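Peer 1: model the following, please.
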Amino acid sequence: MNKAVRLYNITIVILAQLILFEPLLWASESHSAPELGVYWVNFLIYITALYLILRKPLSKTWSSRREALIKEVSRLAVELNSIEGDLRKTQFKMRSLAEEKERLKKNIFEQAESEANEIIKSAERRAGAIITNAKSIIEIEKRAMVSRQKNRLAETIALSVEKIIADKLTPAAEKNILKKALNNLEALN
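Peer 2: Next comes the predicted model:
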């Protein structure tokens, strides 16, 4: 604390003692009125001296204290306005937070649904491609199998015919068949 403020506080304590307790002590003892008058004159001189001594330091102290308090109040008023502005913004955000939450939830569900649809379409395209590929493979295998079966059937028929011909064909008939085959070849050329 400032010296002047400490001196002022001490002075208040001394004045309280002089004003409240000293007259009671004088009254309890047997003193004459002139002694009491001297006491009061001495007291007034003391008060005047204190006033003259402390007037300027106390005035400076109180004015500087007043200025400091005014500055602090101004600073706190600006800070209060700032905090109130932040509070209004926060309250506004709190009110719109539920709406924002619902909007974000809706966006998330829409994105998830869109991605799910895209995944399903992609899977359907892949499945279609796999099915088409499988059908073509089946068709190719089917043709190959038919071709193999035809070849086996032809071989079996050829063997059977050869066996039958070998059993039933005579050498004269064989010469006759060969002549006809040669004549047909010559006619074609």
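Peer 1: drop to CA atoms for contacts and neighbour counts, all remaining ones
Peer 2: Will do.
Peer 1: what packs against the helix or strand that contains Gly85?
Peer 2: Element membership of Gly85, judged by DSSP states H and E, is helix 33-168. Applying 3 or more CA pairs under 8 Å, 6 or more residues apart in numbering; DSSP states H and E, one finds that helix 33-168 makes contact with helix 3-16.
Peer 1: if you set the cut-off to 10 Å instead, what comes out?
Peer 2: helix 3-16, helix 22-28 (3 or more CA pairs under 10 Å, 6 or more residues apart in numbering; DSSP states H and E).
Peer 1: lowest average pLDDT across those helices?
Peer 2: Least confidently modelled of those is helix 22-28, at a mean of 59 by mean pLDDT.
Peer 1: give me the neighbour count for Tyr46.
Peer 2: Neighbours of Tyr46 under the rule other CA atoms under 10 Å: 13.
Peer 1: now do the contacts for it.
Peer 2: Contact analysis of Tyr46 by CA atoms under 10 Å, 6 or more residues apart in numbering lists 15, 40, 52.
Peer 1: what is the least confident helix or strand in this protein?
Peer 2: Scoring the helices and strands of the chain by mean pLDDT, DSSP states H and E places helix 22-28 at the bottom, with a mean of 59.
Peer 1: name the residues that touch stretch 176-189?
Peer 2: 170-173, 175.
Peer 1: just the mean pLDDT for it, thanks.
Peer 2: Averaging pLDDT residue by residue across stretch 176-189 gives 74.
Peer 1: stretch 105-116 too?
Peer 2: Rounded mean pLDDT across stretch 105-116 is 91.
Peer 1: now find how far off-centre that stretch is within its chain.
Peer 2: 17 Å (CA atoms, centre = their mean, to the nearest Å).
Peer 1: swap in stretch 97-104?
Peer 2: For stretch 97-104, the distance to the chain centre is 13 Å (CA atoms, centre = their mean).
Peer 1: in what helix or strand does the residue lying farthest from the centre of the chain lie?
Peer 2: Residue farthest from the centre of the chain, counting by CA atoms, centre = their mean, is Ala172 at 103.5 Å. Taking DSSP H and E as the criterion, Ala172 maps to helix 171-188.
Peer 1: tell me the pLDDT at Val73?
Peer 2: In this model, Val73 carries a pLDDT of 94.
Peer 1: burial count for it?
Peer 2: Val73 has 13 nearby residues by other CA under 10 Å.
Peer 1: what's it in contact with, if anything?
Peer 2: 67, 79-80.
Peer 1: ok, Ser147 next?
Peer 2: Counting by CA under 10 Å, 6+ apart, Ser147 has contacts 141, 153.
Peer 1: offset the numbering so it begins at 501, please.
Peer 2: Will do, 501 is the new start, and the previous item becomes Ser647.
Peer 1: from Val661, how far out is it?
Peer 2: Ser647 sits 21 Å away from Val661, going by CA to CA, to the nearest Å.
Peer 1: I'd like the average pLDDT over stretch 642-662.
Peer 2: Rounded mean pLDDT across stretch 642-662 is 82.
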